[in-house]
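Novice: sequence below, structure please.
(one chain, ligands or ions: 1)
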Amino acid sequence: MRILVTGGLGFIGSHTLVELLENGYEVIVLDNLYNSEAKVKEKIEKITGKNIKVYTEDLLNKESIEKIFDENKIDGVIHFAGYKAVGESVKKPLMYYHNNLMSTINLLEIMKDKNVKSFIFSSSATIYGDPGTPKYVEELGRGKTTNPYGTTKAMIEQILEDLYISDNEWSISILRYFNPIGAHSSGLIGEKPNGIPNNLMPYILKVASHELEILNVFGNDYDTPDGTGVRDYIHVVDLAKGHVSALKKIEELGKGLYVYNLGSGRGYSVLELINTFERVNGIKVNYKIVERRAGDLAEYYADSSKALKELGWKTEKTLEDMCRDSWNFMKKEIG
Ligand code: WQD
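Specialist: Numbers count the residues shown, from 1 in each chain. Below you'll find the predicted structure:
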């Protein structure tokens, strides 16, 4: 099977490309390099020993998508491409709604025209909103999202549901990620956000490498064991493997609309993550407790039993692995 991977040079996309190639899939990559680097192509080729074709195009340009489908026989699509910074989305909602929604609609319209109807979508636990329970199961359904980024994810899920109702020849898998961190064991690919990171692990890495002075821990007065926020961190390689499992399920079952949580099934607090990072890497991370970040929830983590039951997938890597692999990547990046 040949899979078009949009956003394939990004953090999760690049790790998924490695797993697809190592599982015998052929891949075509579309990435506009808005939040990724062209050199990731060579790193993926070095890891896998396979050449990949990359189109540096933008999904907002419908003709460029059509060209890719005309030039390549594509059997399915994994769609990662999209803006994903929660804070930025609050400041620039129109940019987020236009980019994330229109790029997805363009892609789906071309797929429909070309009769390519296998689609895996990169969704997020943020679509649950604040369901009033920390353990998220798929049946909770979409809640009231708290930022435009999360709302675009929820809207795209709705679009996919409506598309399937209109034409049940589609095979659609919606994957709801929890908190992806870590890096490939080679240290060649990992998470490298531009500028000041929004997310916890990239911020820790920049403090550990002295690029930033100190980590602000957003609140220690939550109703959690140590008062700091609790999240379900998942190693990005485990997450990538989850996409291969979802693809195999689509190949096996064909038509259908499937929704899965991809998380480890347990939560770790901010301080637990900091302490684990320090312990496995022998590094001190300077931090200070500050006020809560607006919009943050105290605690949530995945119930991923459905992915285990239906996809035969579960996480294998530990928090130690995530901390070790993240730092290994950062050390190679800073040289
Ligand atoms: C994790 C914990 C913070 C930064 C978001 C999106 C989600 C996905 C992952 C894209 C929280 C605390 C963080 C810092 C801190 N994004 N924290 N200091 O908010 O759980 O999820 O990112 O796909 O969709 O919603 O992730 O890493 O920002 O925060 O104390 O500098 O770390 O309060 O408890 P979050 P995060």
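Novice: wait, what's in contact with Asn261?
Specialist: Asn261 is in contact with 125, 136-138, 176, 178, 302-304, 306-307, counting by C-beta atoms under 8 Å, 6 or more residues apart in numbering. The C-beta positions use only the backbone N, C-alpha and C, and glycine is treated the same way.
Novice: any idea which element it lies in?
Specialist: Mapping Asn261 onto the secondary structure by DSSP states H and E places it in strand 256-262.
Novice: now that strand: mean pLDDT?
Specialist: Strand 256-262 carries an average pLDDT of 98.
Novice: any idea how far Thr6 is from Leu107?
Specialist: Thr6 sits 7 Å away from Leu107, going by C-beta to C-beta, to the nearest Å.
Novice: those two: which is more packed in?
Specialist: Thr6 (26 against 22; other C-beta atoms under 10 Å).
Novice: what residues are up against Ile165?
Specialist: Contacts of Ile165 (C-beta under 8 Å, 6+ apart): none.
Novice: quick one, phi/psi of Ile234?
Specialist: Main-chain dihedrals, Ile234, degrees, to the nearest 10: phi -130, psi 130.
Novice: that one against Pro180, yeah?
Specialist: Yes. With contacts counted by C-beta atoms under 8 Å, Ile234 reaches Pro180, the gap being 5.6 Å.
Novice: more neighbours, these two?
Specialist: Ile234 (26 against 23).
Novice: check contacts around that one.
Specialist: 177-181, 262-264, 302, 315.
Novice: per-residue pLDDT, Gly335?
Specialist: Per-residue pLDDT puts Gly335 at 88.
Novice: the host helix or strand of Asn275: how far from the chain's middle?
Specialist: Using DSSP H and E, the element containing Asn275 is helix 270-281. Using C-alpha atoms, centre = their mean, to the nearest Å, the mean C-alpha position of helix 270-281 is found 22 Å from that of the whole chain.
Novice: in it, which residues are buried?
Specialist: Within helix 270-281, the residues that qualify as buried are 270-274, 276-277, 280-281, counting by 16 or more other C-beta atoms under 10 Å.
Novice: ok, now stretch 42-59?
Specialist: Here stretch 42-59 shows 43-44, 47-48, 52, 54-55, 57-59 as buried, counting by 16+ other C-beta under 10 Å.
Novice: now do that stretch, average pLDDT.
Specialist: For stretch 42-59, mean pLDDT rounds to 98.
Novice: same deal with stretch 272-284?
Specialist: 98.
Novice: can you tell me what sits against that stretch?
Specialist: Under C-beta under 8 Å, 6+ apart, the answer for stretch 272-284 is 200-201, 204, 208, 215, 217, 226, 233, 268, 285, 287, 319-320, 323-324, 326-327.
Novice: ok, 6 Å please
Specialist: 204, 208, 285, 319-320, 323-324, 327 (C-beta atoms under 6 Å, 6 or more residues apart in numbering).
Novice: mind putting these into a markdown table with distance to the ligand, neighbour count and secondary structure?
Specialist: As requested, those are arranged in a markdown table below (distance: C-beta to the nearest ligand atom, whole Å; neighbours: other C-beta atoms under 10 Å; DSSP: H, G, I helix; E, B strand; the rest coil):
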| residue | distance to the ligand | neighbour count | secondary structure |
| --- | --- | --- | --- |
| Ile204 | 8 | 27 | helix |
| Ala208 | 13 | 22 | helix |
| Val285 | 11 | 17 | coil |
| Leu319 | 13 | 19 | helix |
| Glu320 | 18 | 13 | helix |
| Cys323 | 14 | 26 | helix |
| Arg324 | 18 | 19 | helix |
| Trp327 | 16 | 24 | helix |
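Novice: wait, which of those residues is closest to Val116?
Specialist: Checking the contacts of stretch 272-284 against Val116 by C-beta to C-beta gives Leu319 as the nearest, at 38.3 Å.
Novice: contacting residues for that closest one?
Specialist: Per C-beta under 6 Å, 6+ apart, neighbours of Leu319: 268, 276.
Novice: 7 Å instead?
Specialist: 233, 268, 276 (C-beta atoms under 7 Å, 6 or more residues apart in numbering).
Novice: what of Leu9?
Specialist: So Leu9 contacts 29, 31, 33, 36-37, 40-41, 54 (C-beta under 7 Å, 6+ apart).
Novice: try Trp170
Specialist: Here Trp170 is in contact with 117, 119, 163-164, 255 (C-beta under 7 Å, 6+ apart).
Novice: who wins on neighbours among the residues you listed?
Specialist: Phe119 (24 neighbours).
Novice: doesn't Glu169 make contact with that one?
Specialist: No. Using C-beta atoms under 7 Å, Phe119 makes no contact with Glu169, being 11.6 Å away.
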